[in-house]
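*Asks:* Below are the sequence and a predicted model; questions follow.
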Amino acid sequence: MSGVTITSGVSIFNGIKFTVTAAVEAIREIAVSHAITPFVSVYPWSSGFGTKYADPATLPTGSGYAPQFSPSGADLAVSHAITPFISVYPWSSGFGTKYANPATLPVSNGFGLTFSPSGADIAVGHATSPSISVYPWVSGTGFGTKYSNPATLPQGTGVGLAFSPSGTDLAVTHTSSPFVSVYPWSSGFGTKYANPATLPVGAGYNVAFSPSGADIAVGHATTPYVSVYPWSSGFGTKYANPSTLPTGLVGGVAFSPSGADLALQHSSTPGISVYPWSSGFGTKYANPATLPLGFGTAPGGIKFTPSGVDLAVPHQSSPFISVYPWSSGFGTKYANPATLPTGIGWGVAFSP
């Protein structure tokens with residue numbers, strides 16, 4: 001379910017009666033992938049965690065790295081360590097029977113994971129060449145025949161993935177130079193776009209397009225840890241760095257649904273940094289009062305809810321997931337789920 005619920009109440013101040021309204025996240029689900037069995041945990045979400053859903057009958061076979069709901073919300077995919085490296089389940093307020101594995105498996109640990117905006121394709125980044133595998137996807141049927149590899153492969157481990165909002169481009173961050181590669185996409189890879197004039201510095205860990213598709217952000221391993229470029233069927237000139245840099249490797253990158261904010265998850269305290277965004281970085285928002293415990297660097301990291309009123313970050317120390325109200329700044333952290341994820345939180349996703 002999408003959208004927000006508007007709640008109202010009557011308050012009295014100095015004898016004057018007035019109505020207060022507030023946006024509350026509509027009922028949906030939040031999926032957290034983590035390092036210890038069952039490797040993925042899903043909860044109802046409505047401005048707070050509900051009771052954890054039962055685990056799938058067939059678990060992912062290793063540490064879960066990135067969960068992703070399909071655009072319709074009818075399926076839930078998880079990339080993971082140990083073959084088959086990707087597991088997809090029908091989803092309807094609970095796990096259905098796992099879909100059959102693709103005929104051609106990813107060739108090693110699955111990291112970044114994304115569906116195309118139409119839901120017609122599913123892409124997974126992995127640790128061994130060709131570093132990315134993309135398949136047709138039909139809900140209720142499953143994987144089609146793997147698409148041919150791109151003519152120019154990503155270099156090193158394929159870590160983060162993102163389709164452009166139109167679905168016409170597919171970006172992958174990777175661990176060897178040029179650290180980010182973007183391809184035209186139309187039921188197959190086109191010729192790789194030219195590299196940006198100013199490359200990201202160090203291994204690329206995550207990537208996100210802005211909701212309008214006009215900008216592309218790359219999280220990477222070496223200072224300034226994030227590089228953002230205008231995007232129009234190719235990279236424009238890199239935007240200036242934020243005045244307050246992230247404090248370590250950026251493994252999670254997310255624009256808010258409105259495009260007005262850019263959130264980064266990184267490997268040193270405070271573990272999360274959010275900036276106003278308008279064709280450039282604004283002044284960093286104040287840190288949350290309760291910081292995430294431990295740091296997260298996986299490609300399934302930080303996410304806004306589809307309505308933008310909450311912001312979730314998985315992390316390496318208990319409770320392994322932290323969620324905050326968001327309204328141009330952090331609200332008070334929501335209570336932890338009654339049943340915590342088991343082990344390092346590597347990824348998070350909200351249903352549409």
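*Replies:* In hand now; what should we look at? From a predicted model like this one, the values you see are computed outputs, not experimental measurements.

*Asks:* Contacts made by stretch 207-215 with the rest, please.
*Replies:* 160-166, 169, 171-173, 180, 216-219, 228-232, 239, 253-255, 257-259, 277, 279 (C-beta atoms under 8 Å, 6 or more residues apart in numbering). The way it works is simple: take the backbone N, C-alpha and C, and place the C-beta from them, glycine included.

*Asks:* buried subset of those?
*Replies:* The neighbour count (16 or more other C-beta atoms under 10 Å) marks 160-164, 169, 171-173, 180, 216-219, 228-229, 231, 239, 253-255, 259, 277 as buried among the contacts of stretch 207-215.

*Asks:* Just the ones in helices from those, please.
*Replies:* Residues from the buried ones among the contacts of stretch 207-215 lying in helices, with DSSP state H as the criterion: none.

*Asks:* re the thing from before, among the contacts of stretch 207-215, which lie within strands?
*Replies:* The members of the contacts of stretch 207-215 that map onto strands under DSSP state E are 160-163, 169, 171-173, 180, 216-219, 228-230, 253-255.

*Asks:* for this protein, which spans come out with low pLDDT?
*Replies:* The model of the chain has pLDDT under 70 over residues 1-26, 296-299.

*Asks:* So for it, the centremost residue is which one?
*Replies:* When C-alpha atoms, centre = their mean is applied to the chain, the residue found nearest the centroid is residue 300 (4.6 Å).

*Asks:* from what I can see that one touches residue 347, true?
*Replies:* Yes. Using C-beta atoms under 8 Å, residue 300 is in contact with residue 347, at 1.9 Å.

*Asks:* Touching both of the two, which residues are there?
*Replies:* Common neighbours of residue 300 and residue 347, using C-beta under 8 Å, 6+ apart, are 33, 64-67, 314.

*Asks:* just the buried members of the residues you listed?
*Replies:* For these, a neighbour count by 16+ other C-beta under 10 Å gives the buried set as 33, 64-67, 314.

*Asks:* these two touch, right, residue 116 and residue 165?
*Replies:* No. Under the criterion of C-beta under 8 Å, residue 116 is not in contact with residue 165, lying 10.5 Å apart.

*Asks:* circling back: looking at the buried ones among the shared contacts of residue 300 and residue 347, which is nearest residue 94?
*Replies:* Taking C-beta to C-beta as the measure, residue 94 sits nearest to residue 67 out of these, at 14.8 Å.

*Asks:* Next secondary structure after the helix or strand that contains the closest one?
*Replies:* Assessed by DSSP states H and E, residue 67 sits inside strand 64-69. With elements assigned by DSSP H and E, the helix or strand that comes after strand 64-69 is strand 75-80.

*Asks:* Report the strands that pair with that following strand, each with its relative direction.
*Replies:* Its sheet considered, strand 75-80 pairs with strand 64-69 (antiparallel), strand 86-90 (antiparallel) by DSSP bridges.

*Asks:* okay, those in TSV with distance to residue 146 next?
*Replies:* Formatted as TSV, the strands paired with strand 75-80 follow (distance: least, C-beta to C-beta, whole Å):
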stretch	distance to residue 146
strand 64-69	18
strand 86-90	11
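
*Asks:* quick one, which of those is nearest to residue 197?
*Replies:* Among those, strand 64-69 sits nearest to residue 197 (C-beta to C-beta), with 29.6 Å.

*Asks:* Please save the CA atoms from that closest one in PDB.
*Replies:* What follows is strand 64-69, C-alpha atoms only, in PDB (Å, rounded to 0.1, in the frame of the first residue of the first chain):
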ATOM      1  CA  GLY A  64      21.500 -11.600   2.900                       C
ATOM      2  CA  TYR A  65      23.000  -8.400   1.200                       C
ATOM      3  CA  ALA A  66      20.200  -6.600  -0.600                       C
ATOM      4  CA  PRO A  67      16.400  -7.100  -0.400                       C
ATOM      5  CA  GLN A  68      14.200  -5.500  -3.000                       C
ATOM      6  CA  PHE A  69      10.400  -5.600  -3.600                       C
END
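
*Asks:* outside of that strand, which residues touch it?
*Replies:* Residues from elsewhere that reach strand 64-69 (C-beta under 8 Å, 6+ apart): 29, 31-35, 39-40, 75-81, 91, 109-115, 298-300, 346-352.

*Asks:* Buried ones only from these, please, as a ChimeraX command.
*Replies:* Selection of buried members from the contacts of strand 64-69 for ChimeraX, criterion 16+ other C-beta under 10 Å:
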select :29,31,32,33,34,35,39,40,75,76,77,78,79,80,81,91,109,110,111,112,113,114,115,298,299,300,346,347,348,349,350,351,352
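
*Asks:* Now intersect the contacts of strand 64-69 with the strands, please.
*Replies:* Using DSSP E, the contacts of strand 64-69 in strands are 29, 31-34, 40, 75-80, 110-115, 346-350.

*Asks:* who are the neighbours in contact with residue 92?
*Replies:* Taking C-beta under 8 Å, 6+ apart, one finds residue 74 in contact with residue 92.

*Asks:* Angles on the backbone of it, please.
*Replies:* The phi/psi pair for residue 92 (degrees, to the nearest 10) reads phi -150, psi 80.

*Asks:* any idea how far it is from residue 84?
*Replies:* Remark: distance between residue 92 and residue 84 (C-beta to C-beta, to the nearest Å) = 23 Å.

*Asks:* same deal with residue 218?
*Replies:* Distance, residue 218 to residue 84, using C-beta to C-beta: 28 Å.

*Asks:* The strands paired with strand 75-80: which one's closest to residue 286?
*Replies:* Proximity to residue 286 (C-beta to C-beta) singles out strand 64-69 among these, at 28.7 Å.

*Asks:* All good on my end, thank you.
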